[in-house]
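Peer 1: 3D model of this:
(one chain, ligands or ions: 1)
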Amino acid sequence: MGFSMKKFTLVAVLALGASLALSAQAHEHAEKNDHAHQHMAQHNAPDMSKAKVSDTISVSGCWIRAIPAPAPSGGYFVVHNNGDKEVKLQAAASPAYKMVMLHQTTQKDGMSKMSETHDIAIAAGGELEFKPGGYHAMLELGEKAPSVGDKIDLDLLFDNNEKVSVQCEVKPANTRVN
Ligand SMILES: [Cu+2]
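Peer 2: This next block holds a predicted model:
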């Protein structure tokens with residue numbers, strides 16, 4: 001094997017390593033993708049047109065992980081309930097994605113698994129963080145692959161028929177949180 005061939009092989013191995021690392025991150029959600037497609041017919045986007053914009057619930061720090069399409073991306077944020085009653089997050093929607101689901105990642109026997117969830121309670125006067133490894137919005141069937149720095153609108157619907165709209169910043173796939 002000549003020098004240039006060795007060099008080529010090394011580059012190929014490095015490139016493979018990098019793509020494996022990326023697909024390992026995407027894996028958790030990619031696996032869910034087929035499942036999501038099968039369920040699409042039953043998963044109609046929530047009708048938020050009659051919901052009123054909340055003045056007691058706010059959402060901060062929203063970001064979306066830039067996973068290459070067509071793999072779904074995770075959306076993360078903190079919900080603050082400044083009202084005097086518990087509220088439950090029921091649904092989410094975004095004009096940039098055909099389907100948005102609420103998911104919870106749980107650990108069992110060292111395995112990470114995601115399941116769809118509804119009615120996520122936020123106590124009166126409390127807050128709840130949606131973060132990698134926990135609750136998140138699963139953004140699926142994007143109109144286009146998100147680019148780092150893009151701002152994406154996300155609407156959240158609560159059980160008191162109030163809604164909150166936020167803008168989420170697209171961050172690199174390798175973004176870590178503390
Ligand atoms: Cu998910």
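Peer 1: And the next helix or strand past the lengthiest strand in the chain?
Peer 2: Taking DSSP state E as the criterion, the chain has its longest strand at strand 97-108. Sequence-wise, the next helix or strand downstream of strand 97-108 (DSSP states H and E) is strand 111-116.
Peer 1: Now do that next one against strand 97-108, angle only.
Peer 2: 140 degrees (axes from the mean of the first three to the mean of the last three Cα atoms, to 10 degrees).
Peer 1: Run the chain-centre distance for strand 111-116.
Peer 2: 13 Å (Cα atoms, centre = their mean, to the nearest Å).
Peer 1: distance of the residue nearest to N82 when sequence neighbours are not counted from the ion?
Peer 2: In space, not counting the residues next to it along the chain, N82 is nearest to T56; the distance is 4.9 Å by Cβ to Cβ, 6 or more residues apart in numbering. Glycine gets a C-beta too; all of them are placed from N, C-alpha and C. Using Cβ to the ion, to the nearest Å, T56 is found at 28 Å from the ion.
Peer 1: circling back: and the longest strand of the chain, which residues are buried?
Peer 2: 97, 99-103, 105 (16 or more other Cβ atoms under 10 Å).
Peer 1: can you redo these as a markdown table with distance to the ion and pLDDT?
Peer 2: A markdown table is the format used below for those (distance: Cβ to the ion, whole Å; pLDDT from 0 to 100):
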| residue | distance to the ion | pLDDT |
| --- | --- | --- |
| Y97 | 13 | 93 |
| M99 | 12 | 93 |
| V100 | 10 | 95 |
| M101 | 7 | 96 |
| L102 | 9 | 97 |
| H103 | 3 | 96 |
| T105 | 7 | 94 |
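Peer 1: count of neighbours near P172?
Peer 2: Per other Cβ atoms under 10 Å, the neighbour tally for P172 reads 10.
Peer 1: How much space separates it from I64?
Peer 2: Distance, P172 to I64, using Cβ to Cβ, to the nearest Å: 11 Å.
Peer 1: three-state assignment of A45?
Peer 2: Secondary structure, DSSP: H, G, I helix; E, B strand; the rest coil: A45 is coil.
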